[in-house]
Every structure is written in structure tokens, then in C-alpha cells.
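Novice: need a structure here:
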Amino acid sequence: MAIETEPSPGRTRTTSGDGKQRGSSRLRGHLIGTYGLLALTALLFLIFTVTMPDSFPTSDNLTSLLSTNAIPAMLALGAMIPIVTGKFDLSIGYGLGLWHVLTMQLIVHSGWPWQLACLVTIAGGTVVGVMNGLLVELAKIDSFIATLGTGSVLYAVTLWITNGARIVPGPEGLPAWFTDLYTSTFLGLPVPAFYVLVLAFVLWLVLERLPLGRYLYVIGSNARAADLVGIPTRRYSIYAFAGSGFVVGVSGVLLAAQQQIGNPSGGQDYLLPAFVGALLGSTAIKPGRANALGTIVAVTVLAVGLSGITLAGADFWVTPLFNGGTLLIAVGLAGLSARRRLRAGAVATRRSLSGGTTGAQSDGTPGALSDGTSGSQSGGAITEPPSQDSGHHRVP
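Specialist: All right, here's what the predicted structure looks like:
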């Protein structure tokens, strides 16, 4: 005998057509959020190619795009690493200025071999990154304040080294092997473009495929929950700042090889584009969280947009206006993506709990999640509370 059940009061019965419509709407939203920025890049490239066929799609302009935007791309990737953990490193611009000046000082005035000068510079950047992490995690200073203070100290050291003047090589110039770090080509493309690709691949591998990356994302989503499941949040946050400092040190060496002079204020102009790329990148590929591939897409759309605007004859003040406006848009979109991700996780949790409650009403047992465990969700990740009968917390 078939028994028909009526829906409980307060609940509305959804038809299959409504479910399909909502599913189609969610799919469109997912595709737009994931690939919208990439589509915008292709659209801008097409528009500038059609409107400026003699200047924009040329090999010289494309080579210039790859070469001049390599350092901003690397800094954006470096800034992205602490953002994954919910922190910010505002010292990257000042660090870039110090490390490229220090490289020039050691090679030009101190007579060091360029290889040793590069290693010392990169090590210095990593040490400063560790110091930022210690200030944030051990001294409990907000990352904005700590890294801004560190950046001011780095700028003071830069002015002390240079005495406020530029470092210019003598008539013999810089070693050719050193300048080739930036000016050489490979497979017909500028070598710096391959540096960016290698760095992006390494960060993608670490963040998406290794436990270290998953721990960093958990810390950025809910540091308290990460502590409860046994993740050493302080250690991994310091690792994130150290990684950022390492990238800034490498970028300082490349900036010295590119400019071939030491400009004490040369790094500050890179701070804003780096954060624009990192924050805007959190709205692409993996919407709602910082990721390496999204950062590359964001830097690309910024590079294409600025190049087209410049070739169109825009005034000199358009560049900072473009960067500032894009930063505001990027922050807004990043916040919107994060909120949508949290809402989607909350909806999934309610549905699983509702399913468990329904099962409890039918068989008389308490409701549970679909996998038979209880848990909480934050930022799209389900964390399991520690067992009360165990003597310690462990990572599930």
C-alpha cells in the first residue's frame, strides 16, 4: 500500500523545474566568478587589437608587456602568500627598494662577486620576512601596523646606504652575466616571464597539492579552528611571511639587473600594483580565496589594460588612477566572493543537517552529517572537533 505524506507546515515543496533553474543559475555564477576575469582579459586584448592594430598587437609591445610586468607579477605573488593566511605584508615595496639598492651597493662600491651579492640580498629578504612573522605572531602586532613599521625601517636603511643619492656603475658597467638575468631571452621570450611562470607553478603546487597549502588556507579561514585541530598556526604564518620576504629579495635582484642603477625610492611604486594583483586575483579561478593562477590572470588584465591606455595617448596621471580604482574594485569583489563562498558553505551545512534530521525522524536516531560525523563549516571547509576522550588534539 502506498502512503502519501504531506509536506510539513512552514515548508514549501520545490518542483524539479525550480531546482533545475537554481542549478543553472549557480552554474552561471560559478563560471562567471571563475573565468570572468580571464574573459575580460581576452576582451580587452581584442578591443585594443582592433582599435590600435599598428601598435598594440606587435611583437615589440608584447615583448615589452612580458618584460616590464614580470617584477609586478612576482611581487603580487609574494604579497599573495600572507593574504592566504589572512595577513598583509605592506613592507614589500620598501623591501624591493632596499634589496635592489643593496645589490648595487655590494657589486658597484664593495666589489663583491655578483653571485654572492645576490645570495646575500635574497637571504636578507627572507630574514626580514621572518621578522615580520615574529612581530605579527609572537608580539601580536596587527600585520598592517607591523609590516608598515618594518617598511619604514627598511626605507630608512635604504636612505642610509645611498645617502639619498642614486648608485650608478662606473664606466665598465655591471657584469654581463648579472644583467643577463633580466635582459636575456629564451625561446624568443624575455627570461623574466619564465621566472613568473616558475614561481606561479611552485605556489600553485604548494597551495593546491601539498598539506602546507591546505594548512595555510585553514589558518586564513579560521585560525581558532586551526588551533583546535592541532595546526601550529604561528609557525605556518611565519612561513608565509618568510616566503613573501624571499620573493621580495629575488625581485630586488631582478630590479637591479633591469634598471642597472640603485634608486632609493624605486620600490615604492610597486606596492599598489602588487596588492591590486593579489586581491583582484582572489576573485578569479578560485573565487573567494587568494590563489596563484588567479593572481597571474589579474596581473595580466592589469598589464593589458595599462598598455592599451598608454598607447591610446592617456595622460600620465591615468596610471595611478587606474591602479587605485582597480584596487577599490578588487577589494570589493574579493569581499563579495568570500561572502558568497561562506553563504554557499552555510547552505550546504543546513542541507546536510536537514537530511540528518529527516533520517532521525524516520528511524528514531539522532541526526548527523552525511558522513556520520558532526562538524562545523567555515569558508567551505568542514573541520572535525577534537575527541573528548583523547589526550591531545590531532589534525583530521
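
Novice: Could you use CA atoms for every contact and neighbour count after this?
Specialist: Noted.

Novice: Listing request: residues of the stretch 201-350 of the chain with sub-threshold pLDDT.
Specialist: Along the stretch 201-350 of the chain, segments meeting pLDDT under 70 span 330, 333-338, 341-342, 344-345.

Novice: Pull up the distance across stretch 50-68, start to finish.
Specialist: Stretch 50-68 has an end-to-end distance of 23 Å (C-alpha to C-alpha, to the nearest Å).

Novice: In it, which residues are buried?
Specialist: Ser55, Phe56, Pro57, Leu65, Leu66, Ser67 (16 or more other C-alpha atoms under 10 Å).

Novice: Run the chain-centre distance for that stretch.
Specialist: Stretch 50-68 has its C-alpha centroid displaced from the chain centroid by 26 Å (C-alpha atoms, centre = their mean, to the nearest Å).

Novice: which residues touch that stretch?
Specialist: Residues from elsewhere that reach stretch 50-68, judged by C-alpha atoms under 8 Å, 6 or more residues apart in numbering: 48-49, 189-193, 303-304, 307-308, 311-312.

Novice: Check the residues you listed for burial and list the buried ones.
Specialist: Buried residues within these, counting neighbours by 16+ other C-alpha under 10 Å: Phe48, Thr49, Pro190, Val191, Pro192, Ala193, Ala303, Val304, Ser307, Gly308.

Novice: Contact partners for the first one?
Specialist: Pointing back at Phe48 there. Phe48 sits next to Phe56, Pro57, Gly308 when contact means C-alpha under 8 Å, 6+ apart.

Novice: 10 Å instead?
Specialist: Remark: with contacts taken as C-alpha atoms under 10 Å, 6 or more residues apart in numbering, Phe48 is in contact with Ser55, Phe56, Pro57, Val304, Gly305, Ser307, Gly308, Ile309, Leu311, Ala312.

Novice: could you dump those to TSV with secondary structure?
Specialist: TSV is the format used below for those (DSSP: H, G, I helix; E, B strand; the rest coil):
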residue	secondary structure
Ser55	coil
Phe56	coil
Pro57	coil
Val304	helix
Gly305	helix
Ser307	helix
Gly308	helix
Ile309	helix
Leu311	helix
Ala312	coil
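
Novice: Doesn't Gln115 lie inside a strand?
Specialist: No. Secondary structure of Gln115 (three-state DSSP): helix, not part of a strand.

Novice: Could you work out the most separated pair of the contacts of stretch 50-68?
Specialist: Farthest apart among the contacts of stretch 50-68 by C-alpha to C-alpha are Val191 and Ala312. That separation is 27.6 Å.

Novice: Of the contacts of Phe48, just say which sits nearest to Thr185.
Specialist: Taking C-alpha to C-alpha as the measure, Thr185 sits nearest to Pro57 out of the contacts of Phe48, at 19.4 Å.

Novice: these two touch, right, Arg235 and Gly133?
Specialist: Yes. Between Arg235 and Gly133 a contact is recorded at 8.7 Å, counting by C-alpha atoms under 10 Å.

Novice: dump the residue contacts of Gln196.
Specialist: Heads up, residue 196 is Val, not Gln. Counting by C-alpha under 10 Å, 6+ apart, Val196 makes contact with Leu66, Asn69, Ala70, Ile71, Pro72, Ala73, Met74, Leu75, Leu77, Val202, Ile296.

Novice: need the next SSE after the helix or strand the first one falls within, C-terminal direction.
Specialist: Leu66 is part of helix 59-68, with elements assigned from DSSP states H and E. The first helix or strand that comes after helix 59-68 along the chain, using DSSP H and E, is helix 70-84.

Novice: can you give me the mean pLDDT across that following helix?
Specialist: Computed over helix 70-84, the mean pLDDT rounds to 95.

Novice: Hey, what's the angle from the helix holding Leu66 to helix 70-84? Just curious.
Specialist: 40 degrees (axes from the mean of the first three to the mean of the last three C-alpha atoms, to 10 degrees).

Novice: sorry, back to before: could you export the buried residues of stretch 50-68 to a markdown table, including columns for pLDDT and distance to Arg166?
Specialist: As requested, those are arranged in a markdown table below (pLDDT from 0 to 100; distance: C-alpha to C-alpha, whole Å):
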| residue | pLDDT | distance to Arg166 |
| --- | --- | --- |
| Ser55 | 85 | 34 |
| Phe56 | 86 | 33 |
| Pro57 | 86 | 36 |
| Leu65 | 90 | 26 |
| Leu66 | 90 | 27 |
| Ser67 | 90 | 23 |
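
Novice: And the residues you listed, which is closest to Val229?
Specialist: Distances from Val229 to the buried residues of stretch 50-68, taken by C-alpha to C-alpha, are shortest for Leu66, at 43.2 Å.

Novice: the helices in the stretch 151-300 of the chain, which residues?
Specialist: Along the stretch 151-300 of the chain, the stretches classed as helices by DSSP state H, counting those that start in this stretch are 176-183, 191-209, 211-221, 223-228, 233-259, 271-281, 292-311.

Novice: Buried residues of the second one, list them for me.
Specialist: In other words, helix 191-209. By neighbour count with 16+ other C-alpha under 10 Å, helix 191-209 contains the buried residues Val191, Pro192, Ala193, Tyr195, Val196, Leu197, Leu199, Ala200, Leu203, Trp204, Val206, Leu207.

Novice: what's the angle between that helix and helix 233-259?
Specialist: For helix 191-209 against helix 233-259, the angle by the same axes, to 10 degrees is 170 degrees.
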